[in-house]
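Asker: sequence first, predicted coordinates after that:
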Amino acid sequence: MMKQTLLTMAVAVALGLPTQAQDIKTAEIVAELPQSVGNVTFTPNNDIIFSHHPFFSPDIRVASLNADGKSFTPFPNAAWNTPRDGTDRYLDSVLGLRGDENGIIWMLDMGHRTGLTPKLVGWNTWEDRLEKIYYIPAPASVPESQHNDFVVNHKDGVFVIADEGIGPGGNGTQAALVIVDMETGATRRVLQGHVSTLPEDVPITVDGKDLTVPDGNGGQVVIKVGADGIAADAAFEWLYYGPLNGSAIYRVKFADLLNEDLDDAGLGARVERYADKPNNGGLSIDQAGNLYLTEVETNAVGIIPADTRTYRRYAEADDLSWPDGVSFSLDGHMYVSAAQISRADLFNDGVAKNEAPYLIYRFAPEAPGRIGH
């Protein structure tokens, strides 16, 4: 851990964060898998369900971790992980997934690989059956949509999705939030173009190198990702979110977000800048209101305590490369994946540096969280 601790301290100094190594937890490995893991969630029986990161086009989109911690079973079954002609009842491209208190695993299918309409698929783990499908058609989805992560709000009967805006041809400028009504299936796209969803003009820098992608003209351009991490407090009063490329977490009251009398300008005026942050992917929150953020540029997870709103490093591990989704388990830990995205050939001059095993870690949060979130 010495090398990682020194790196952590150097980054902390640059960001003005605490540098005491003893204040930073060491995350422990709970699974070593053959393919990259995206997001992690849980059933009420504490079965670990995870998405294979769609960046690497996996055959099995969603899986259940086997007891050995090194193998998996397709979730909910093999058929739902197998593309078929004449139907969209399969998982095409899944990153975001959430387990809820009712034993439903909700899987957000971006639909990129075979051009499906994006959808939310709910699987009832108590009865091992399809619960419901919610579609996210235009205009809630746009050609550049990449529906990344979401919250499940049973209090108000809605899902709220963070759309990064980096789908086919996207550069983050079309990022937005999407609301899905659980009762009617109605969808709304909000805050597109607002500062809280748009990426800032800051690169994602890993090991001293800015991550770039082809610009379509034979050159390279710095990748910029819009609205990414998203979380709701225990009372569902506030929704927290922010762009991956960005220096701030924002929040908005659900009462305002769901007020259809507010246009985008009116809603945007009620969004608050909540706290400073580094570039981050996943976002979670505990019952005390502390936010947990995955630092994609370093091998660490940070925290924004509810009382100070001042970001600091919280947990780390040497091989926590590109920490992605973070969520709470009933065993009392936060779980986080190491997706190794920055090691892919796309970001390393065509030379793939990502390799198995792909790891899932866990660490103890400051307070309990909400299952699967």
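Answerer: Arrived safely, thanks for sending. Given the structure is predicted, the values throughout are model-derived calculations rather than measurements.
Asker: next, count neighbours for the nearest residue in space to residue 129 that is not next to it in sequence.
Answerer: Ranked by Cβ to Cβ, 6 or more residues apart in numbering and with sequence neighbours excluded, the top spatial neighbour of residue 129 is residue 123, at 7.5 Å. For the C-beta atoms, the positions are set from N, CA and C on the backbone; glycine is no exception. Residue 123 has 25 neighbours, counted by other Cβ atoms under 10 Å.
Asker: what do you get for residue 114?
Answerer: 12.
Asker: what sits against it?
Answerer: The contact partners of residue 114, by Cβ atoms under 8 Å, 6 or more residues apart in numbering, come to 83, 92.
Asker: what's the distance between it and residue 51?
Answerer: For residue 114, the distance to residue 51 equals 17 Å [Cβ to Cβ, to the nearest Å].
Asker: still on that earlier bit, is the residue nearest to residue 129 in contact with residue 104, as I believe?
Answerer: Yes - using Cβ atoms under 8 Å, residue 123 and residue 104 qualify as a contacting pair, with a distance of 6.7 Å.
Asker: where do the contact lists of the two overlap?
Answerer: With Cβ under 8 Å, 6+ apart, residue 123 and residue 104 have common neighbours residue 131.
Asker: could you point out which element follows the helix or strand of the chain with the lowest mean pLDDT?
Answerer: When the helices and strands of the chain are compared on mean pLDDT, DSSP states H and E, helix 2-15 comes out lowest with a mean of 43. Following helix 2-15 in sequence order, the next helix or strand is strand 25-26 (DSSP states H and E).
Asker: quick check: next helix or strand after that following strand?
Answerer: Following strand 25-26 in sequence, per DSSP H and E, is strand 28-33.
Asker: give me the contacts around the helix or strand encompassing the residue nearest to residue 129.
Answerer: If you go by DSSP H and E, residue 123 is part of strand 119-124. Strand 119-124 has contacts (Cβ under 8 Å, 6+ apart) with 75-76, 80, 88, 91, 103-109, 111, 129-136, 150, 159, 180.
Asker: who does the residue nearest to residue 129 form a beta bridge with?
Answerer: residue 105, residue 130 (DSSP bridges).
Asker: against residue 97, how distant is it?
Answerer: For residue 123, the distance to residue 97 equals 10 Å [Cβ to Cβ].
Asker: please enumerate the shared neighbours of those two.
Answerer: With Cβ under 8 Å, 6+ apart, residue 123 and residue 97 have common neighbours 105, 107.
Asker: look at residue 253 and report its pLDDT.
Answerer: Note on residue 253: pLDDT of 98.
Asker: need the contact list for it.
Answerer: By Cβ under 8 Å, 6+ apart, the neighbours of residue 253 are 237-239, 270.
Asker: ok, and the most crowded of these?
Answerer: Counting by other Cβ under 10 Å, top hit in these: residue 239 with 24 neighbours.
Asker: isn't that one right next to residue 230, touching?
Answerer: Yes - using Cβ under 8 Å, residue 239 is in contact with residue 230, at 7.0 Å.
Asker: who touches both of the two?
Answerer: Common neighbours of residue 239 and residue 230, counting by Cβ under 8 Å, 6+ apart, are 151, 160.
Asker: got any ranges where the chain has weak pLDDT?
Answerer: 1-22 (pLDDT under 70).
Asker: repeat that with 90
Answerer: 1-23, 169, 213-219, 349, 372 (pLDDT under 90).
Asker: what's near enough to touch the residue nearest in space to the middle of it?
Answerer: For the chain, residue 282 is the residue whose C-alpha lies nearest the centre (Cα atoms, centre = their mean; 4.0 Å). The contact partners of residue 282, by Cβ under 8 Å, 6+ apart, come to 39, 149, 228-229, 292-294, 323-327, 336.
Asker: mind putting these into a markdown table with neighbour count, distance to residue 245 and secondary structure?
Answerer: Below are the contacts of residue 282 laid out as a markdown table (neighbours: other Cβ atoms under 10 Å; distance: Cβ to Cβ, whole Å; DSSP: H, G, I helix; E, B strand; the rest coil):
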| residue | neighbour count | distance to residue 245 | secondary structure |
| --- | --- | --- | --- |
| 39 | 30 | 19 | strand |
| 149 | 27 | 15 | strand |
| 228 | 32 | 9 | strand |
| 229 | 26 | 12 | strand |
| 292 | 27 | 19 | strand |
| 293 | 28 | 13 | strand |
| 294 | 27 | 14 | strand |
| 323 | 29 | 16 | strand |
| 324 | 28 | 15 | strand |
| 325 | 29 | 18 | strand |
| 326 | 30 | 18 | strand |
| 327 | 27 | 22 | strand |
| 336 | 31 | 20 | strand |
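Asker: closest one of the residues you listed to residue 84?
Answerer: Nearest to residue 84 out of the contacts of residue 282 is residue 39 (Cβ to Cβ; 24.3 Å).
Asker: would you agree that closest one is in contact with residue 97?
Answerer: Yes - with contact defined as Cβ under 8 Å, residue 39 reaches residue 97; the gap is 5.3 Å.
Asker: pull up the overlap in contacts between the two.
Answerer: Common contacts of residue 39 and residue 97 (Cβ under 8 Å, 6+ apart): 50-51.
Asker: bridging residues for the spatially closest residue to residue 238 that is not a sequence neighbour?
Answerer: Leaving out its chain neighbours, the residue that sits closest to residue 238 by Cβ to Cβ, 6+ apart is residue 251, at 4.8 Å. As for beta bridges, residue 251 partners with residue 240, residue 272 under DSSP bridges.
Asker: pull the number of nearby residues for the residue nearest to residue 234 when sequence neighbours are not counted.
Answerer: Closest residue to residue 234 apart from its sequence neighbours, by Cβ to Cβ, 6+ apart: residue 287 at 4.8 Å. With neighbours defined by other Cβ under 10 Å, the count for residue 287 comes to 15.
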